[in-house]
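> Sequence first, then the predicted structure, then my questions.
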Amino acid sequence: MADFRALPCAPIIHNMALLKILNYPDKRLNKVAKPVAAVDDRIRQLVADMAETMYAAPGVGLAATQVDAHERVIVIDISDAHDELLVFINPEIVWSSETKKEWEEGCLSVPGIYDFVERPEKVRVKALNEKGETFEIDCDGLLAVCIQHEMDHLAGHVFVEYLSTLKQTRIRGKMKKLEKAL
Ligand code: K1U
Ligand code: ZN
């Protein structure tokens, strides 16, 4: 009789689901995400659902905070063909460049709003992948902007907080109108 316990276990991923993205200024966007204790099938299901949600939006990144899951999980895909998914679990910025760059940012939690934010031009990020393996990646360009934007989400921050108080007030007004129209 075969011993099935010796067989490698394929991850159990159920059908992927579209998750609801929280809209600014929802207070749940200000919660601080907790570290993932174990990269298991529950986390892999969250990753699959987040990727599906990001591609459908469409966007180039998504943090778990934005789908009301307060664990340190990020998905990013900046490729033109949408076939280069990057998964960051428990990400840490281990190095940032002294040089800064301004980039026009958008956010799936603040639909229709784009504005310029200055951030370190390059960062090195250490994280776990969906297999629970540690990796490091050097990021520049849109990837550097996106990973810093998503890590702000995990810390409970939305990019509009970098803008003037006047702009933030206007954005809150626009978001109220948008909520009413839905
Ligand atoms: O965190 C998020 O809400 C995702 C966000 C990531 C991001 C983009 C650009 C600069 C900083 C952070 C987005 O994906 S906004 C939408 C967007 O950029 C996009 C949408 C469709 C095609 C290409 C890009
Ligand atoms: Zn965002």
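That came through fine. These figures come from a predicted structure and were not determined experimentally. Ligands and ions are numbered 1, 2, ... in the order given.

> Please make it C-alpha for all contacts and neighbour counts, starting now.
Fine.

> Would you enumerate the residues in contact with the spatially most central residue of the chain?
Nearest residue to the geometric centre of the chain (C-alpha atoms, centre = their mean): residue 63, 2.4 Å. Residue 63 is in contact with 72-75, 150-151, 153-154, counting by C-alpha atoms under 8 Å, 6 or more residues apart in numbering.

> and it, what are its bridge partners?
Residue 63 forms beta bridges with residue 74, as assigned by DSSP bridges.

> same thing with residue 116?
Where residue 116 sits in a bridge, its partners, by DSSP bridges, are residue 104.

> swap in residue 89?
Counting by DSSP bridges, the residues bridging with residue 89 are residue 73, residue 128.

> So which residues on this protein come close to ligand 1?
Proximity of the chain to ligand 1, by C-alpha under 6 Å from any ligand atom, involves residues 58-62, 105-109, 145-146, 149-150.

> Tell me which of the residues you listed fall in helices.
145-146, 149-150 (DSSP state H).

> how about the nearest residue to residue 109, chain neighbours excluded?
Nearest-residue entry for residue 109: residue 23, 4.4 Å, with adjacent residues in sequence omitted and distances by C-alpha to C-alpha, 6 or more residues apart in numbering.

> Hmm, residue 140 and residue 100 touching each other?
No: taking contacts as C-alpha atoms under 8 Å, residue 100 lies outside contact range of residue 140: 11.0 Å.

> what residues are up against the residue nearest to residue 109?
Under the criterion of C-alpha under 8 Å, 6+ apart, the contact list for residue 23 reads 66, 108-111, 175.

> Quick check: it is in a helix.
No: using DSSP: H, G, I helix; E, B strand; the rest coil, the assignment for residue 23 is coil, not a helix.

> I appreciate the help and will end here.
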